[in-house]
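Participant: Predicted coordinates and the sequence they were generated for:
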Amino acid sequence: MKALVIVGHGSHLNEDSSLPVYEHAQRIRGTGEFDEVVESFWKEEPSMRHVLDTVESEEIYVVPAFISEGYFTQQVIPRELGLEGPVTRRGSKTVRYAGPLGTFEGMPDVILERVGDLMRGRKTSGRTALVLLGHGTDLNKNSGGVIYMNARRIRERGLYDLVEVGFLDQEPEIGAVVEGVAARNVILIPVFIAEGWHTRETIPEDLGLTGEVTLLGDKTVFYGAPVGTHPSMANLIAARARETAREEPVVRSAT
């Protein structure tokens with residue numbers, strides 16, 4: 001038997017924070033690929049601290065529902081789950097720990113599917129720029145690096161006149177990017193896991209957005225939902241888990 005454990009951040013203040021994890025888990029559960037699909041969180045119940053004790057399967061895949069490498073994926077989750085590396089033995093159980101979703105090769109495809117949903121049936125003329133919006137932080141360079149990586153991967157496909165990057169908490173600031181981009185049409189996609197205060201309140205207010213389509217001077221801004229809420233993220237999570245099964249790193253035993 002094999003199990004998939006999806007670990008999300010969760011929030012006591014935002015009930016939508018955990019919703020994508022539950023929705024993606026249900027989609028994966030419906031495929032029958034895993035005997036068990038379990039949700040767990042850092043800031044909500046069920047807590048990830050005891051989640052492995054609730055799983056019956058001996059082959060366990062842990063996938064963090066996070067965009068970037070950082071404090072949570074590198075320290076919090078391994079500590080709370082008692083992981084010693086990419087593969088950990090816990091008695092009769094083998095736990096394989098995957099990387100975050102944003103670094104996976106399939107992430108650009110999900111971003112482009114989100115764009116496709118936003119732009120379906122809408123006609124544009126003139127230059128078009130795709131702008132990926134990340135949270136960013138000056139405390140962790142990996143947080144912004146994954147946004148640049150996905151922008152580069154999409155840029156290489158030659159689908160848009162420009163593919164740019166902007167952030168909430170680091171340079172370049174998203175408002176300046178949208179204002180300065182040399183394109184008549186700006187497609188803005190938040191590379192976030194869930195809807196929340198930033199995507200619903202601060203970003204629209206700061207940029208002066210009034211909905212999915214907003215005229216800002218000579219630009220038309222198309223504002224999409226967070227990438228992490230797209231149904232295709234379920235496929236990405238499952239693929240992330242499958243990838244770890246092909247890897248053969250050193251196995252460590254948890255004490």
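Facilitator: All right, it came through fine.

Participant: Need the residue closest to the centroid of this protein.
Facilitator: Ile67 (3.8 Å; CA atoms, centre = their mean).

Participant: Let's verify it: helix, strand, or coil?
Facilitator: coil (DSSP: H, G, I helix; E, B strand; the rest coil).

Participant: which residue sits closest to it in space, ignoring its chain neighbours?
Facilitator: Leaving aside its chain neighbours, Ile67 sits nearest to Gly102 (3.6 Å; criterion: CB to CB, 6 or more residues apart in numbering). C-beta here means a position set from N, CA and C on the backbone, and glycine is covered the same way.

Participant: Please identify the helix or strand for the one you found.
Facilitator: Assigned by DSSP states H and E, Gly102 falls within no helix or strand.

Participant: what's the spacing between it and Tyr22?
Facilitator: Per CB to CB, to the nearest Å, Gly102 is found 20 Å from Tyr22.

Participant: same deal with Asp206?
Facilitator: Applying CB to CB to Asp206 and Tyr22 gives a distance of 29 Å.

Participant: count of neighbours near Glu212?
Facilitator: Look at Glu212: counted by other CB atoms under 10 Å, it has 13 neighbours.

Participant: How about Pro190?
Facilitator: 26.

Participant: Next up, phi/psi of it, please.
Facilitator: Note on Pro190: its backbone torsions stand at phi -70, psi 120 [degrees, to the nearest 10].

Participant: Can you check the pLDDT for it?
Facilitator: Listed pLDDT for Pro190 reads 97.

Participant: likewise Glu248?
Facilitator: Note on Glu248: pLDDT of 55.

Participant: before we move on, the earlier item: need the contact list for the residue nearest to the centre of the chain.
Facilitator: Pro100, Leu101, Gly102, Gly134, Ser143, Val146, Val191, Phe192, Ile193, Gly228 (CB atoms under 8 Å, 6 or more residues apart in numbering).
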